[in-house]
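Colleague: here's my sequence, what's the structure:
(one chain, ligands or ions: 1)
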Amino acid sequence: MAGNRMDPWVDSYAQRAQGLTTSAIRALFSVAARPEVVSLAGGMPYVSALDSDQFADIAARVVREQGAVALQYGSGQGDQTLREQILEISGLVGVRSHPDDVVVTAGSQMGLDLVTKIFCDPGDTVIVESPSYVGALGVFRSYQCNVVHAAMDEQGLDPQSLREGLSENPRVKFIYTIPSFHNPAGLTQSYERRKEILAIAQEFNVPILEDDPYGLLGFEGEPPKAIRSLDDQSVIYLGSFSKIIASGLRVGWVIAPHGVREKLVLAAEAATLCPSNFSQLVVSRYLAEQPWQQQIKVFQELYRERRDALLQSMQALMPLGVTWTVPLGGFYSWLTLPQQLNATNMLPRAIGSMVAYVPGTGFFADGQGAQNLRLSYCYPDPARIEEGVRRLSGVIEAELELVDTFGVNGDSGPSTGSAHTHIPKSDLV
Ligand code: PMP
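Modeller: Numbering: from 1, shown residues only. I've put the predicted structure just below:
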């Protein structure tokens with residue numbers, strides 16, 4: 001056995017585990033978790049807005065009245081009643097399906113993992129937006145996929161760039177997109193854009209993996225119609241209760257064409273035997289007994305107020321040359337720094353100034369994003385958000401002065417942000 005003193009098994013791991021690397025950023029984020037730091041980094045839903053007594057009551061009744069089911073193994077595909085309720089919710093974004101085509105998962109993260117597992121051999125290509133969800137990139141990397149980025153414009157995934165990605169790469173297995181209130185870009189595809197993207201996918205005969213955890217968290221008007229509402233054969237749809245009820249329940253779902261659904265159930269059974277019956281029954285009761293649409297409105301209002309706080313304070317405080325996206329829902333805004341700045345190199349100074357963000361490179365598989373960072377407004381209250389922006393603006397100003405004086409951005413050497421920038425767990429969301 002070779003190995004080293006830290007890990008005797010270092011030479012034994014599968015190749016797919018080589019993508020699971022760590023970085024200096026992890027240590028920084030453990031500092032960022034301190035209460036004196038304003039964290040605009042993690043995308044953690046504000047679960048304190050839920051009535052915890054209500055959940056305690058539901059959980060107690062689930063155990064008392066349905067204990068024999070709740071505490072037992074269950075169906076690999078998920079509870080039948082919950083799958084029907086899921087279709088009621090998905091109907092709000094125009095998705096109509098049969099409960100047989102719904103698979104309940106431990107969050108949509110598991111859906112991402114299962115879909116990749118059944119479609120991708122090492123070296124197969126997936127096309128993703130630029131930037132894309134860090135947790136999805138981690139999954140694609142762990143299955144040794146070739147990740148190809150397609151550009152975004154203010155309407156989301158750019159059709160021309162998508163077409164190029166599809167033309168130039170053999171064995172594209174699917175197009176991964178987050179059409180509504182994108183993580184991390186904060187952008188939303190228009191209805192026209194969704195139709196265009198779908199038409200291109202159909203032309204190339206490549207399925208779309210549509211990830212929609214934020215679709216019901218829009219700040220104005222009706223929720224955007226899912227791409228899956230336009231075609232139920234070419235689109236695999238991922239949904240989640242994490243943002244509309246509670247992420248700790250770990251309940252999400254996949255709605256897929258029949259053949260894909262069959263494979264997914266087998267893969268899900270191999271991974272976990274079945275989703276948690278207890279969590280499913282809690283969700284199911286909550287949906288049956290509580291005014292959940294009202295609770296979603298509460299979340300929408302809360303996040304809108306926080307979005308406004310972020311945008312207003314950035315407008316007032318950010319130095320010239322910093323730009324950002326204006327999210328119409330969800331949790332995130334995507335910032336672009338003046339060209340000479342590097343968001344990864346700047347992070348230690350930001351944390352020293354008691355504010356945290358996620359540097360842009362983590363959202364790319366190819367080292368792009370040094371000039372970008374993601375801010376999330378879902379967790380801190382508006383006053384903390386303003387304070388966080390004040391601190392961050394001060395850090396950016398100081399960086400700009402450094403560049404003015406010395407002509408280079410602070411730290412020397414290559415950016416620690418690379419294809420393998422590791423983002424710690426709580427910031428993966
Ligand atoms: N997709 C996207 C775009 C996300 O932002 C997240 C986490 N916030 C997930 C999937 C995974 O969420 P969950 O597993 O909690 O449903």
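Colleague: those strands in the stretch 301-429 of the chain, which residues are they?
Modeller: Counting by DSSP state E, counting those that start in this stretch, one finds strands in the stretch 301-429 of the chain at the ranges 323-324, 332-336, 355-356, 358-359, 372-376.
Colleague: do the same with the stretch 1-150 of the chain
Modeller: For the stretch 1-150 of the chain, applying DSSP E, counting those that start in this stretch gives strands covering 38-39, 102-105, 125-129, 146-150.
Colleague: same for the third one, what does it pack against?
Modeller: Going back to what we said before, that points to strand 125-129. Counting contacts by 3 or more CB pairs under 8 Å, 6 or more residues apart in numbering; DSSP states H and E, strand 125-129 packs against helix 134-142, strand 146-150, helix 159-168, strand 172-177. Where you see a C-beta, it was placed from the backbone N, CA and C, and this is true even at glycine.
Colleague: circling back: closest one to Arg171 among the strands of the stretch 1-150 of the chain?
Modeller: Checking the strands of the stretch 1-150 of the chain against Arg171 by CB to CB gives strand 125-129 as the closest, at 5.7 Å.
Colleague: just to revisit the earlier point, who wins for proximity to the ligand among the strands of the stretch 301-429 of the chain?
Modeller: Closest approach to the ligand among the strands of the stretch 301-429 of the chain is made by strand 332-336 (8.4 Å; CB to the nearest ligand atom).
Colleague: give the buried residues for stretch 61-75.
Modeller: Within stretch 61-75, the residues that count as buried by 16 or more other CB atoms under 10 Å are 62, 66, 70, 74-75.
Colleague: including mean pLDDT and mean neighbour count, could the helices and strands packed on strand 125-129 go into a markdown table?
Modeller: Formatted as a markdown table, the helices and strands packed on strand 125-129 follow (pLDDT from 0 to 100; neighbours: other CB atoms under 10 Å):
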| stretch | mean pLDDT | mean neighbour count |
| --- | --- | --- |
| helix 134-142 | 94 | 22 |
| strand 146-150 | 98 | 20 |
| helix 159-168 | 98 | 16 |
| strand 172-177 | 98 | 25 |
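Colleague: quick one: which of the ones you listed is nearest the ligand?
Modeller: Closest approach to the ligand among the helices and strands packed on strand 125-129 (CB to the nearest ligand atom): helix 134-142, 5.5 Å.
Colleague: got the CA positions of that closest one in CSV?
Modeller: Taking Å, rounded to 0.1, in the frame of the first residue of the first chain, the C-alpha atoms of helix 134-142 are listed here in CSV:
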residue,chain,number,x,y,z
VAL,A,134,-22.1,24.3,-8.8
GLY,A,135,-23.9,21.2,-7.4
ALA,A,136,-24.7,20.0,-11.0
LEU,A,137,-21.1,20.6,-12.1
GLY,A,138,-20.0,18.4,-9.2
VAL,A,139,-22.3,15.6,-10.3
PHE,A,140,-21.1,15.9,-14.0
ARG,A,141,-17.5,15.9,-12.9
SER,A,142,-18.0,12.8,-10.7
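Colleague: I'd like to know which elements it is packed against.
Modeller: Applying 3+ CB pairs under 8 Å, 6+ apart, one finds that helix 134-142 contacts helix 108-119, strand 125-129, strand 146-150.
Colleague: among these, which is the most enclosed?
Modeller: Neighbour counts (mean count of other CB atoms under 10 Å) averaged over each of the helices and strands packed on helix 134-142 peak at strand 125-129, with a mean of 27.
Colleague: how deep is Gly19 tucked in, by neighbour count?
Modeller: Residues within reach of Gly19, counting by other CB atoms under 10 Å, total 17.
Colleague: for it, which non-adjacent residue is closest in space?
Modeller: Nearest residue to Gly19, sequence neighbours excluded (CB to CB, 6 or more residues apart in numbering): Arg141, at 3.8 Å.
Colleague: thought Ala365 was touching the one you found, still the case?
Modeller: Yes: using CB atoms under 8 Å, Arg141 makes contact with Ala365 at a distance of 7.0 Å.
Colleague: who in the stretch 151-300 of the chain is up against the ligand?
Modeller: 178, 183, 211, 213, 240, 242, 247, 252 (CB under 6 Å from any ligand atom).
Colleague: the last one and Glu192, how far apart?
Modeller: Remark: distance between Gly252 and Glu192 (CB to CB, to the nearest Å) = 28 Å.
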